[in-house]
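**Student:** coords below, sequence missing:
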């Protein structure tokens, strides 16, 4: 019995850590996707943001975020072991895993939420203003809404979302919609890029500098998503959990495929061309749509859910441009609009949830993250400013913010 316990504990912990590493690899996917979809003159800065935000997320979640989200401020055995008092955090239930593995898996989710913000505010935000927001987002804003959802705490002491029928398996709302809500607040405070919209309402396309890089980033994210959703099963050492993991992997892949195909078809109908950027965002939208519940749909249902996400993301990107919300990479549409869709789809295959509960949960997450983020953005704007000067935006933020060009051999020098 002792051997069985130790083997199950070791397998579940190892699986958790590997899935966490896959989610960490998504940071590279976001970096490559965003670097490919911005102009060459802004590449170094967007890469700097992605590396720095990951480091900030890991540090802030260790300092305060994890305790807020899962302990109401009580650090529990995890930090006790880190602080060196000898606590191991080994539980008696063989279905559990090392608390440090749980922290590692959770912290990469925090970084994912913050990465969503990075792309939406690209090409015109001050680097240090963005990093200041990252400190608050990863250390307080995200952990608070996480405590009300995955942490099981009552919202401001009033009601528990789980008791209302709210369910979000791997974070369509908790991670993706939350990141998009913070991004939307930032974009509204920041404003659109110069030249994106004309006075007469025309939308000028600003193409990215490196679509091969954006495509690579999408495939990295697609791969990392198996850890994102698969790891959320939380175990793999039993027949039941292993079968659940396999279903989640299968449905995650099916939804991504459905999203890419649907976006390709819709783009062809609307624009008369096979728009690669829409296909990439369609695949990501399919992944976001299935993230709220990848364990209960059939493969065909997962494909259809992903397809709905692929259709919606194209329509959303077009609609946001019409109202002059400038999102260079489509992050608000992919993660926010489709994140809401993912939550709404859960009750169609999961009897433990309800439409009412999903809508209340979605509203709670969005209102909290959007309102607090808007306040933080406005405070940062008042203290240090959030937007670079017109001249710096015209020349590109690489030189003004980082002093380096990403492609020095392929850009003309300035006298």
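**Tutor:** Received, thanks. Since the structure is predicted, the reported quantities are computational estimates derived from the model, not experimental observations.

**Student:** mind showing which ranges of the chain have poor pLDDT?
**Tutor:** Applying pLDDT under 70 to the chain flags the ranges 1-2, 72-95, 410-415.

**Student:** helix, strand, or coil at the nearest residue to residue 304 once chain neighbours are set aside?
**Tutor:** The shortest distance from residue 304 to any non-neighbouring residue, by C-beta to C-beta, 6 or more residues apart in numbering, is to residue 258 (6.4 Å). All C-beta spots, glycine's among them, are computed from the backbone N, C-alpha and C. In three-state terms, and counting by DSSP: H, G, I helix; E, B strand; the rest coil, residue 258 is helix.

**Student:** mind listing what residue 258 touches?
**Tutor:** Counting by C-beta atoms under 8 Å, 6 or more residues apart in numbering, residue 258 touches 286, 302, 303, 304, 305, 306, 307, 309, 310.

**Student:** buried subset of those residues?
**Tutor:** 286, 302, 303, 304, 305, 306, 307, 309, 310 (16 or more other C-beta atoms under 10 Å).

**Student:** out of those, which are inside strands?
**Tutor:** When DSSP state E is applied, the buried ones among the contacts of residue 258 are split such that none fall in strands.

**Student:** among these, which are in helices?
**Tutor:** Residues of the buried ones among the contacts of residue 258 located in helices (DSSP state H): 286, 302, 303, 304, 305, 306, 307, 309, 310.

**Student:** hmm, residue 317 is touching residue 278, no?
**Tutor:** Yes: taking C-beta atoms under 8 Å as the definition, residue 317 is a contact partner of residue 278 at 7.4 Å.

**Student:** which helix of the protein spans the most residues?
**Tutor:** If you go by DSSP H, the chain has its longest helix at helix 2-37.

**Student:** who does that helix touch, helix- and strand-wise?
**Tutor:** In terms of contacts (3 or more C-beta pairs under 8 Å, 6 or more residues apart in numbering; DSSP states H and E), helix 2-37 is packed against helix 43-60, helix 99-120, helix 211-230.

**Student:** which strands and helices sit next to the longest one?
**Tutor:** Where contact means 3+ C-beta pairs under 8 Å, 6+ apart, helix 99-120 is packed against helix 2-37, helix 43-60, helix 66-71, helix 76-82, helix 127-136, helix 142-148, helix 178-190, helix 331.

**Student:** what's near enough to touch residue 191?
**Tutor:** Here residue 191 is in contact with 124, 326, 387 (C-beta under 8 Å, 6+ apart).

**Student:** list the buried residues of the strand or helix carrying residue 371.
**Tutor:** Element membership for residue 371 (DSSP states H and E) is helix 355-383. With burial defined by 16+ other C-beta under 10 Å, the residues of helix 355-383 counted as buried are 357-362, 364-366, 368-370, 372-374, 376-377, 380-381.

**Student:** repeat that for stretch 330-337.
**Tutor:** 330, 331, 332, 333, 334, 335, 336, 337.

**Student:** the nearest residue to the fourth one once chain neighbours are set aside: neighbour count?
**Tutor:** Looking back up the chat, that one is residue 333. Setting aside the residues directly before and after it, residue 333 is nearest to residue 316 in space (C-beta to C-beta, 6+ apart), at 3.8 Å. Neighbour count of residue 316, defined by other C-beta atoms under 10 Å: 22.

**Student:** so which helix or strand takes in residue 316?
**Tutor:** If you go by DSSP H and E, residue 316 is part of helix 299-322.

**Student:** any idea of the angle that helix forms with helix 178-190?
**Tutor:** Counting by axes from the mean of the first three to the mean of the last three C-alpha atoms, to 10 degrees, helix 299-322 lies at 10 degrees to helix 178-190.

**Student:** hmm, residue 302 is touching residue 293, no?
**Tutor:** No: assessed by C-beta under 8 Å, residue 302 is found out of contact with residue 293, at 9.4 Å.

**Student:** residue 151 touches residue 69, doesn't it?
**Tutor:** Yes: with contacts counted by C-beta under 8 Å, residue 151 reaches residue 69, the gap being 5.1 Å.

**Student:** of these two, who's got more company?
**Tutor:** The residue with more neighbours, out of residue 151 and residue 69, is residue 69; 22 against 15, by other C-beta under 10 Å.
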